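K.L.:
Sequence below, structure please.
(chains A and B)
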Number of protein chains: 2
Amino acid sequence: MPKNAFYAQSGGVTAVINASACGVIQTARANSDKIGTVFAGRNGIIGALTEDLIDTSLEDDKAIAALRHTPSGAFGSCRYKLKGLDESKREYERLIEVFKAHDIGYFFYNGGGDSADTCHKVSQLSETMGYPIQAIHIPKTVDNDLPITDNCPGFGSVAKYIAVSTREASFDVLSMAKTSTKIFVIEVMGRHAGWIAAAGALAADDDIPVLVLFPEIKFDQEAFLARVKAAVEKHEFCSIVVSEGASWPDGKFLAEQGTTDAFGHAQLGGAAPVVANMIKEATGYKYHWAVADYMQRAARHLASKTDVEQAYAVGKAGVEMALAGDNAIMPAIHRVSNNPYEWEIIKAPLADVANVEKMMPRDYISEDGFGITEACREYLLPLIEGEEYPPYRAGLPRYVRLKNLSVASKLPAFDLD
Amino acid sequence: MPKNAFYAQSGGVTAVINASACGVIQTARANSDKIGTVFAGRNGIIGALTEDLIDTSLEDDKAIAALRHTPSGAFGSCRYKLKGLDESKREYERLIEVFKAHDIGYFFYNGGGDSADTCHKVSQLSETMGYPIQAIHIPKTVDNDLPITDNCPGFGSVAKYIAVSTREASFDVLSMAKTSTKIFVIEVMGRHAGWIAAAGALAADDDIPVLVLFPEIKFDQEAFLARVKAAVEKHEFCSIVVSEGASWPDGKFLAEQGTTDAFGHAQLGGAAPVVANMIKEATGYKYHWAVADYMQRAARHLASKTDVEQAYAVGKAGVEMALAGDNAIMPAIHRVSNNPYEWEIIKAPLADVANVEKMMPRDYISEDGFGITEACREYLLPLIEGEEYPPYRAGLPRYVRLKNLSVASKLPAFDLD
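P.N.:
The predicted structure is shown next:
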């Protein structure tokens, strides 16, 4: 009998993480001689710990295919990080109990840096606790901050959304600038890495001034206001893309709410009004501001075709690598060439992926700190290339909701820490 | 020699106001025996007052056709309201001078309620000041608050954007609700009329709870918080669509910035964080919030096909009505039937349009004040029906920028009031 698989989604969801799920499940189905049922964890790793498993074999092929065009995490995601084996042995013992009870030999965890760490810990269970499991991390994060992989599935679609939205809003402001709004500020995600903010700069051209405030560059208020004034004097308007992680020289975020998420990261929001008000006070220019928040990472209606294809490919490759006997790795995207854009899937060892954050290289940010370089543009453009629209019905996208039927539990209940 | 035409865009721009411009110019070109050059006002009526005219005949057919898929106001818009004839006779005399100097006999003004008022005043110039002009108002406003017309071009696309974005973000929050965000608040436009907010309710279904805060309904904090709690208890999450115009029982906006625009309307922004924080304090639920701002009305990438077609149709009909001898009217949309959705263009007298705001009928808002009725849903659904995507190049929409070459001035300069 072939071993069953466990698949779960972790951390903030994206427009294409379900495309990875689609890649995993379809590839498993195509290899039913070597891999049994794919059980999905309801709400990520919590589903494994609490034995709350979803039987994906009860979903028909059409529903699984529709995951490719459905944003969000179809099985529920979570922000829950396993502690080290020494700190929380009972959690690892519980995972092994659940895996044994359901004959699970493959563990696919679809997430970002924190999830790669969790996956890495699970991959060591065979060695540390004598349970044979192959753990593969499927990369996903809008922040694009995983190492080794050229880019992260989920990022390209956010990048496209922010580039398109910034260009569209810039057209709007330009229309109004003579007698009304001259400043448009859009706040984007990216707590520590400015990749998403950088994508906003793709909206810029000779007639569209776009200034970017990166988390990597300490905020220089004087230089910034001078650049805003210069842009308005030349173009009558200025668009500004501010990362939620943009910070003052003392390290304090431009907008800090004082609350934290489950991983202890500061919860942000509100840099846009801060920047807009600052400009108003210094120049008197009328402003508008937007906060894209979840809209940007859920916007499957404007997904990048490259991104959808890569998200599917890493899911598919993850299963193929597991079937080939791999453990403790992540299928990563390797850029073969820019013109034409070509890429392939390579293997990244999880030991090198977990807990490493990839910032923007300094030479991707222009010398003045408010824009991107040509090298960055060349990097970004292929990632937003192509459109892959979802089907619509009655004016709205036809996103699938799975049945998500539970597998009968075989074990006593388990209390999370 | 046929008379020339003046065309200008006024007030906040939309994703499809240029489709109306396309309808006007293409129809004028098809009737070149009866109508001469279309001069566009640079920045709306200001272009007429300052004799800052754009010669649209210098744009090739391809560029004019591309207006159909380009958001924003291609000729620049303005927030500038003509005073009454008794208050500012010099402005009207100036308009006549400019019209005479450029042999303009047709005046097409593309805007909302304030612009309809301006257009109405211009339409009276033949009677009041003896200058023969036919003034036609082309309706446009995302607020959907013009009377007589069934709906306003520009609204359908915003409605689609807000409905789709709210649904996408709801999918996202649902994925995260178990361990993280349970509340998503999106702030939308609509200063006095809740039409755009109502569109957010189209994202709701049996599994997606959406509460709407309308400007038409005084905010009942206690009832609202009870509804949020009930939704989270049942669905684990709740999405909230708050109109920028939502207000407390004493009439104060939920978020007031204290600044005003050129028409004296309060400039708003920031209702979303107010609502999110209020929920957090009362319930402890983790939240995210977004402010769609200009993104919503510039989002040509997600335009409603119905909206694009109607925007073009009112532009085309405006020229045809002018050629048929009409004055002081607005081509309006009349809904013939819902199933199948059919509509036609009728004539609305400007005297009945100017300065009348169409609010949501009370029977479009559910009894509890937090949602829409079936009648409202039936009204809204055809307006978001269909997709009409712009062409893309290198990952971004190919929006046209016109040459916008100026016509040589023939008159002395004019100082605006």
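K.L.:
who does the helix or strand where residue A:317 lies touch, helix- and strand-wise?
P.N.:
Counting by DSSP states H and E, the element that carries residue A:317 is helix A:305-323. Helix A:305-323 sits against helix A:17-30, strand A:104-111, strand A:134-139, helix A:155-176, strand A:329-337, strand A:342-349, with contacts defined as 3 or more Cβ pairs under 8 Å, 6 or more residues apart in numbering or on different chains; DSSP states H and E. Backbone N, C-alpha and C define where each C-beta goes, glycine included.
K.L.:
Give me the average confidence score over it.
P.N.:
Averaging pLDDT along helix A:305-323 yields 98.
K.L.:
Helix or strand next in line after the worst-scoring helix or strand of chain A on mean pLDDT, which one?
P.N.:
Lowest by mean pLDDT, DSSP states H and E among the helices and strands of chain A is strand A:266-268, with a mean of 46. Using DSSP H and E, the helix or strand that follows strand A:266-268 in sequence is helix A:271-283.
K.L.:
returning to that earlier point: centre of the chain to the helix holding residue A:317, how far?
P.N.:
From the chain centre to the centre of helix A:305-323 is a distance of 15 Å (Cα atoms, centre = their mean, to the nearest Å).
K.L.:
And for stretch A:81-92?
P.N.:
25 Å.
K.L.:
That stretch vs chain B: in contact?
P.N.:
No - applying Cβ under 8 Å from any Cβ of the partner chain, one finds stretch A:81-92 separated from chain B by no less than 10.7 Å.
K.L.:
Can you list the buried residues in the helix holding residue A:317?
P.N.:
For helix A:305-323, the neighbour count (16 or more other Cβ atoms under 10 Å in any protein chain shown) marks A:305-323 as buried.
K.L.:
can I get the CA coordinates of it in PDB?
P.N.:
Provided in PDB are the C-alpha atoms of helix A:305-323 (Å, rounded to 0.1, in the frame of the first residue of the first chain):
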ATOM      1  CA  LYS A 305       0.400  34.200 -15.400                       C
ATOM      2  CA  THR A 306       4.000  33.600 -14.600                       C
ATOM      3  CA  ASP A 307       3.100  33.500 -10.900                       C
ATOM      4  CA  VAL A 308       0.200  31.000 -11.400                       C
ATOM      5  CA  GLU A 309       2.400  28.700 -13.500                       C
ATOM      6  CA  GLN A 310       5.200  28.800 -11.000                       C
ATOM      7  CA  ALA A 311       2.900  28.300  -8.000                       C
ATOM      8  CA  TYR A 312       1.500  25.200  -9.800                       C
ATOM      9  CA  ALA A 313       5.000  24.000 -10.700                       C
ATOM     10  CA  VAL A 314       6.400  24.100  -7.200                       C
ATOM     11  CA  GLY A 315       3.500  22.100  -5.900                       C
ATOM     12  CA  LYS A 316       3.900  19.500  -8.700                       C
ATOM     13  CA  ALA A 317       7.700  19.400  -8.300                       C
ATOM     14  CA  GLY A 318       7.300  18.900  -4.500                       C
ATOM     15  CA  VAL A 319       5.400  15.700  -5.000                       C
ATOM     16  CA  GLU A 320       7.700  14.500  -7.700                       C
ATOM     17  CA  MET A 321      10.700  15.100  -5.500                       C
ATOM     18  CA  ALA A 322       9.100  13.300  -2.600                       C
ATOM     19  CA  LEU A 323       8.400  10.300  -4.900                       C
END
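K.L.:
and the angle from it to strand A:329-337?
P.N.:
140 degrees (axes from the mean of the first three to the mean of the last three Cα atoms, to 10 degrees).
K.L.:
Specify the local secondary structure of residue A:75.
P.N.:
Classification of residue A:75 using DSSP: H, G, I helix; E, B strand; the rest coil returns coil.
K.L.:
Over to it: give its phi and psi.
P.N.:
Dihedral pair for residue A:75: phi -110, psi 10, per degrees, to the nearest 10.
K.L.:
Nearest spatial neighbour of it, chain-adjacent residues omitted?
P.N.:
residue A:40 (4.1 Å; Cβ to Cβ, 6 or more residues apart in numbering or on different chains).
K.L.:
for the one you found, what are its contacts?
P.N.:
For residue A:40, the contact set (Cβ atoms under 8 Å, 6 or more residues apart in numbering or on different chains) comprises A:6-8, A:21, A:47, A:53-54, A:56, A:74-75, A:404.
K.L.:
Check the residues you listed for burial and list the buried ones.
P.N.:
A:6-8, A:21, A:47, A:53-54, A:56, A:74-75.
K.L.:
Among these, name the ones in helices.
P.N.:
Among these, the members found in helices (DSSP state H) are A:21, A:47.
K.L.:
In TSV: the buried ones among the contacts of residue A:40, plus pLDDT and distance to residue B:115.
P.N.:
TSV is the format used below for the buried ones among the contacts of residue A:40 (pLDDT from 0 to 100; distance: Cβ to Cβ, whole Å):
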residue	pLDDT	distance to residue B:115
A:6	98	60
A:7	98	55
A:8	98	54
A:21	98	49
A:47	97	56
A:53	98	60
A:54	98	55
A:56	98	55
A:74	98	46
A:75	98	50
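K.L.:
For residue B:347, state which of the buried ones among the contacts of residue A:40 is nearest.
P.N.:
residue A:74 (50.7 Å; Cβ to Cβ).
K.L.:
show me the contacts for the closest one.
P.N.:
So residue A:74 contacts A:9, A:18, A:21, A:40, A:67, A:400-402, A:404, B:175 (Cβ under 8 Å, 6+ apart).
K.L.:
Apply 6 Å and report the result again.
P.N.:
Applying Cβ atoms under 6 Å, 6 or more residues apart in numbering or on different chains to residue A:74 gives the contacts A:18, A:67, A:402.
K.L.:
Residue A:305 contacts residue A:389, doesn't it?
P.N.:
No - with contact defined as Cβ atoms under 6 Å, residue A:305 does not reach residue A:389; the gap is 9.5 Å.
K.L.:
Touching both of the two, which residues are there?
P.N.:
Common neighbours of residue A:305 and residue A:389 (Cβ under 6 Å, 6+ apart) do not exist.
K.L.:
what does the domain assignment say about chain A?
P.N.:
With domains defined by automatic domain parsing, chain A comprises A:4-153+A:302-356+A:387-397, A:157-300.
K.L.:
Residue A:179 should be in a helix, yeah?
P.N.:
No - the assignment for residue A:179, made by three-state DSSP, is coil rather than a helix.
K.L.:
Is it possible to get a markdown table of the domains of chain A that adds distance to residue B:114?
P.N.:
As requested, these are arranged in a markdown table below (distance: least, Cβ to Cβ, whole Å):
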| stretch | distance to residue B:114 |
| --- | --- |
| domain A:4-153+A:302-356+A:387-397 | 29 |
| domain A:157-300 | 12 |
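K.L.:
Which of those domains has the lowest mean pLDDT?
P.N.:
The weakest mean pLDDT among these belongs to domain A:157-300, with a mean of 91.
K.L.:
rewinding a little: now do the buried residues in the helix or strand containing the residue nearest to residue A:75.
P.N.:
According to DSSP H and E, residue A:40 maps onto strand A:38-41. When burial is assessed from 16+ other Cβ under 10 Å, strand A:38-41 yields the following buried residues: A:38-41.
K.L.:
For residue A:290, which three-state class applies?
P.N.:
Classification of residue A:290 using three-state DSSP returns strand.
K.L.:
neighbours around it, how many?
P.N.:
A count of neighbours around residue A:290, defined by other Cβ atoms under 10 Å in any protein chain shown, yields 26.
K.L.:
my guess is it meets residue A:188, correct?
P.N.:
No - using Cβ under 6 Å, residue A:290 is not in contact with residue A:188; the gap is 9.6 Å.
K.L.:
wait, which of the contacts of residue A:40 is closest to residue B:134?
P.N.:
residue A:74 (57.5 Å).
K.L.:
Ramachandran coordinates for that closest one?
P.N.:
Backbone torsions of residue A:74, given as degrees, to the nearest 10, read phi -60, psi -20.
K.L.:
Give me the distance between it and residue A:13.
P.N.:
Distance of residue A:74 to residue A:13, given as Cβ to Cβ, to the nearest Å: 9 Å.
K.L.:
Next: residue A:197.
P.N.:
For residue A:197 relative to residue A:13 (Cβ to Cβ), the value is 20 Å.
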